[in-house]
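> What follows is a predicted protein model with its sequence.
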Amino acid sequence: MHPLTIYLFHLIHSKKSNLCVSADITTVPSMLSLADACGPHMVVFKTHADILSGWDPTPVTGTGAKLAALARKHRFLIFEDRKFADIGSTAQLQYEGGDYRILEWAHIVNAHVISGPDMIRGLKEMGQGWVKKHDDLKGMNARGEGKVGEPPEERGLLLLSQMSSAGNLLDEAYTKKTVSIARTHRDFVMGFIALEPMNSEPEDDFVVMTPGCSLPPDQSLDDSEFVPGAEDPLGQQYVTPRDLILRGCDVIIVGRGICNSKISGAKAEQYKKVAWEAYEERLRQ
Ligand code: 6AU
């Protein structure tokens, strides 16, 4: 199993959480406060660095470093939702370079395989090169942890094999091809962004993280203006956390249902509880 997947499942069980909070917000201070408020309740924090204003690229003290410090404090994995889709050599530059230098702070990134499998090879070269530079990996224990339970300096990839948006072009044949390409890069591909489990062969141990997740509005808790519904005005389609977990998804991805709330920490806790109860129910089945 990919070392980050081992660590992820260790976190899921120790934090009793299958929740990834998605920071679909537009300023660096609000993104960092969201990570701090939701930290105790989530196992993955998903960013869109390119929607943030105020990104500080300074090495060691900049935004990436601040986020990494929060990941160590609360023990969660950072997932930059970059959706790479270019040729291998360009994807490498996008992963490592620019102001964001995603490689330095994001444990997980995602990609569309639309440009072919060599793009994965390109990203893998960078990810594995980064890992080699970091000696603390040698101290990783059997649960995939680095120092005192902290996330390891590993790097992993999720492929989009299905999408949550209405009318998307990822049909069954595309999904199958994506999974078969993933099987040829098990040492870097942790799993998928998908709406259901993708494992079908005995040696498959891919994780599935699923977006398009919301709870029905809860008047007692939700004081936000955004009320997640069955669909947003731009084709996002929602399923409840319970339904997603019962169908076998490992991690639910929740964006506006949490980050648009003024009480995002309490909202994250609510999502965590509902998803965890469903997970326990699934384990009993
Ligand atoms: O909960 P929402 O609808 O506010 O946010 C969902 C988040 C957004 C999307 O960019 C992302 O999940 N997403 C993805 C990912 C994670 O790759 C794929 C997809 O098919 N649908 C989707 O919403 O940050």
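Perfect, I can see it now.
> When you work out contacts or count neighbours from here on, use the C-alpha atoms and nothing else.
OK.
> Residue numbers of the stretch 151-285 of the chain in contact with the ligand?
163-165, 193, 211-213, 254-257 (CA under 6 Å from any ligand atom).
> Over whichever strand or helix holds Glu280, what's the mean pLDDT, rounded is fine.
In this assignment (DSSP states H and E), Glu280 forms part of helix 264-284. Averaging pLDDT along helix 264-284 yields 97.
> ok so, going back, helices - which of the residues of the stretch 151-285 of the chain next to the ligand land there?
Of these, the ones assigned to helices by DSSP state H are 256-257.
> Let me see the backbone angles for Thr184.
phi -90, psi 0 (degrees, to the nearest 10).
> do the same with Glu80
Dihedral pair for Glu80: phi -90, psi 120, per degrees, to the nearest 10.
> Correct me if wrong: it contacts Ala106.
Yes: contact criterion CA atoms under 8 Å: Glu80 and Ala106 qualify, at 5.8 Å.
> Give the helix, strand or coil label for the residue most central in space within the chain.
The chain has Phe79 as the residue nearest its centroid, 4.3 Å off, counting by CA atoms, centre = their mean. Three-state call for Phe79 (DSSP: H, G, I helix; E, B strand; the rest coil): strand.
> partners of it in the sheet?
Lys46, Ile108 (DSSP bridges).
> Look at it and report its pLDDT.
98.
> list the contacts for it?
44-47, 106-109 (CA atoms under 8 Å, 6 or more residues apart in numbering).
> so where do the strands sit in the stretch 1-150 of the chain?
19-22, 44-47, 77-84, 108-111 (DSSP state E, counting those that start in this stretch).
> repeat for the stretch 151-285 of the chain
156-160, 189-193, 207-210, 251-254.
> Out of the contacts of Phe79, which comes closest to Gly62?
Ala106 (13.8 Å; CA to CA).
> coming back round to it: same for the helix holding Glu280, what does it pack against?
Applying 3 or more CA pairs under 8 Å, 6 or more residues apart in numbering; DSSP states H and E, one finds that helix 264-284 contacts strand 19-22, helix 28-38, helix 241-246, helix 256-259.
> report the angle between the axes of it and helix 28-38?
50 degrees (axes from the mean of the first three to the mean of the last three CA atoms, to 10 degrees).
> so how far is helix 264-284 from its chain's centroid?
17 Å (CA atoms, centre = their mean, to the nearest Å).
> For that helix, output the C-alpha coordinates as PDB.
C-alpha atoms of helix 264-284 as PDB (Å, rounded to 0.1, in the frame of the first residue of the first chain):
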ATOM      1  CA  SER A 264     -16.900  26.100  10.100                       C
ATOM      2  CA  GLY A 265     -15.300  24.100  13.000                       C
ATOM      3  CA  ALA A 266     -18.700  23.100  14.300                       C
ATOM      4  CA  LYS A 267     -19.900  22.300  10.800                       C
ATOM      5  CA  ALA A 268     -16.800  20.100  10.200                       C
ATOM      6  CA  GLU A 269     -17.500  18.200  13.400                       C
ATOM      7  CA  GLN A 270     -21.100  17.600  12.300                       C
ATOM      8  CA  TYR A 271     -20.000  16.200   8.900                       C
ATOM      9  CA  LYS A 272     -17.300  14.100  10.600                       C
ATOM     10  CA  LYS A 273     -19.800  12.600  13.000                       C
ATOM     11  CA  VAL A 274     -22.400  11.700  10.400                       C
ATOM     12  CA  ALA A 275     -19.800  10.200   8.100                       C
ATOM     13  CA  TRP A 276     -18.200   8.300  10.900                       C
ATOM     14  CA  GLU A 277     -21.500   6.800  12.000                       C
ATOM     15  CA  ALA A 278     -22.100   5.600   8.500                       C
ATOM     16  CA  TYR A 279     -18.600   4.200   8.300                       C
ATOM     17  CA  GLU A 280     -19.200   2.200  11.500                       C
ATOM     18  CA  GLU A 281     -22.500   1.000  10.100                       C
ATOM     19  CA  ARG A 282     -20.700  -0.100   6.900                       C
ATOM     20  CA  LEU A 283     -18.100  -2.000   8.900                       C
ATOM     21  CA  ARG A 284     -20.900  -3.900  10.800                       C
END
